[in-house]
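>>> whatever this is, show me its structure:
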Amino acid sequence: MQLSSELARELLQIKAVQINPTDYFTWTSGIQSPIYCDNRITMSYPEVRTKIAAAFEERVSQMAIKPDVIAGCATAGIPHAAWLADRLNLPMVYVRSKPKAHGKGNQIEGGSVQGKNVVVIEDLISTGGSSLEAVEALRKAGAEVLEVMSIFSYGLSSSYDNFEKASISYQSLTNYDALLQALVEDGKLTNQEKSILLDWRNALES
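Just a heads-up that it's a prediction; the model follows:
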């Protein structure tokens with residue numbers, strides 16, 4: 001829990017995550033949202049990206065079955081997968097959202113995953129759609145996907161349902177709930193505003 005709170009605060013500090021309870025952002029999907037998350041910004045902050053890589057490494061160390069390969073989801077998951085793979089001295093691949101339309105038509109780049117245990121690294125999980133597409137591609141290539149790990153998650157119940165249907169577990173280093181709680185504790189958000197922001201998240205499920 002301490003890491004989750006610390007990382008939430010650091011993501012806010014570098015503006016990788018921004019919260020505005022009154023003036024909503026517009027997502028690519030058109031959804032009006034009080035939160036905007038762009039974890040690509042973490043690439044420019046060595047201390048933050050190192051903390052993220054170390055946290056992923058710690059999570060991997062606790063796994064009963066260890067990975068043979070680290071896979072990054074294109075595009076924002078790629079650098080974090082690379083830093084983790086380097087710390088673990090493991091091979092790395094990355095997974096495109098769809099196969100290339102030219103060349104070899106690869107969806108997975110970096111080498112064979114046939115018969116390998118794989119951990120997937122993602123930057124952000126909302127419903128889990130893009131992560132699960134990567135899981136499916138890896139499975140089709142003969143990999144055993146152990147788990148999906150992300151930096152941040154909105155904590156949507158649909159994401160838990162989608163991962164359960166795909167028979168794959170996932171965990172995030174920090175999440176929307178931890179972020180809101182950290183803002184309340186730091187006096188940057190009232191409990192009433194927190195309730196409004198939680199209601200917004202829950203309304204996405206209706």
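>>> quick one: residue 5 and residue 178 touch, right?
Yes. Because the distance of 5.7 Å satisfies C-beta atoms under 8 Å, residue 5 is recorded as touching residue 178. Backbone N, C-alpha and C define where each C-beta goes, glycine included.
>>> which one of the two is surrounded by more residues?
Between residue 5 and residue 178, counted using other C-beta atoms under 10 Å, the more crowded position is residue 178 (22 against 16).
>>> and the residue nearest to that one when sequence neighbours are not counted, how far from residue 129?
Sequence neighbours aside, residue 4 is the residue nearest to residue 178 in space, at 4.3 Å (criterion: C-beta to C-beta, 6 or more residues apart in numbering). Counting by C-beta to C-beta, to the nearest Å, the separation of residue 4 from residue 129 is 23 Å.
>>> these two: who's more crowded?
Neighbour count, other C-beta under 10 Å: between residue 4 and residue 129, residue 4 has more, with 19 against 13.
>>> contacts only, for the more buried one.
Taking C-beta atoms under 8 Å, 6 or more residues apart in numbering, we find residue 4 in contact with 173, 174, 175, 178.
>>> shouldn't the last one be in contact with residue 8?
Just to be clear, that refers to residue 178. Yes. Assessed by C-beta under 8 Å, residue 178 is found in contact with residue 8 at 4.9 Å.
>>> which parts of the protein are strands?
Along the chain, the segments classed as strands by DSSP state E run 17-19, 25-26, 32-33, 35-37, 69-73, 92-95, 108-109, 117-125, 144-153, 170-175.
>>> include mean neighbour count when you put these into a markdown table, please.
As requested, the strands of the chain are exported to a markdown table (neighbours: other C-beta atoms under 10 Å):
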| stretch | mean neighbour count |
| --- | --- |
| strand 17-19 | 19 |
| strand 25-26 | 12 |
| strand 32-33 | 14 |
| strand 35-37 | 20 |
| strand 69-73 | 27 |
| strand 92-95 | 24 |
| strand 108-109 | 18 |
| strand 117-125 | 25 |
| strand 144-153 | 24 |
| strand 170-175 | 20 |
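>>> pipe those into a markdown table and attach distance to residue 196 and mean pLDDT per row.
Below are the strands of the chain laid out as a markdown table (distance: least, C-beta to C-beta, whole Å; pLDDT from 0 to 100):
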| stretch | distance to residue 196 | mean pLDDT |
| --- | --- | --- |
| strand 17-19 | 11 | 94 |
| strand 25-26 | 15 | 88 |
| strand 32-33 | 13 | 89 |
| strand 35-37 | 12 | 94 |
| strand 69-73 | 31 | 98 |
| strand 92-95 | 36 | 98 |
| strand 108-109 | 42 | 96 |
| strand 117-125 | 22 | 97 |
| strand 144-153 | 20 | 98 |
| strand 170-175 | 18 | 97 |
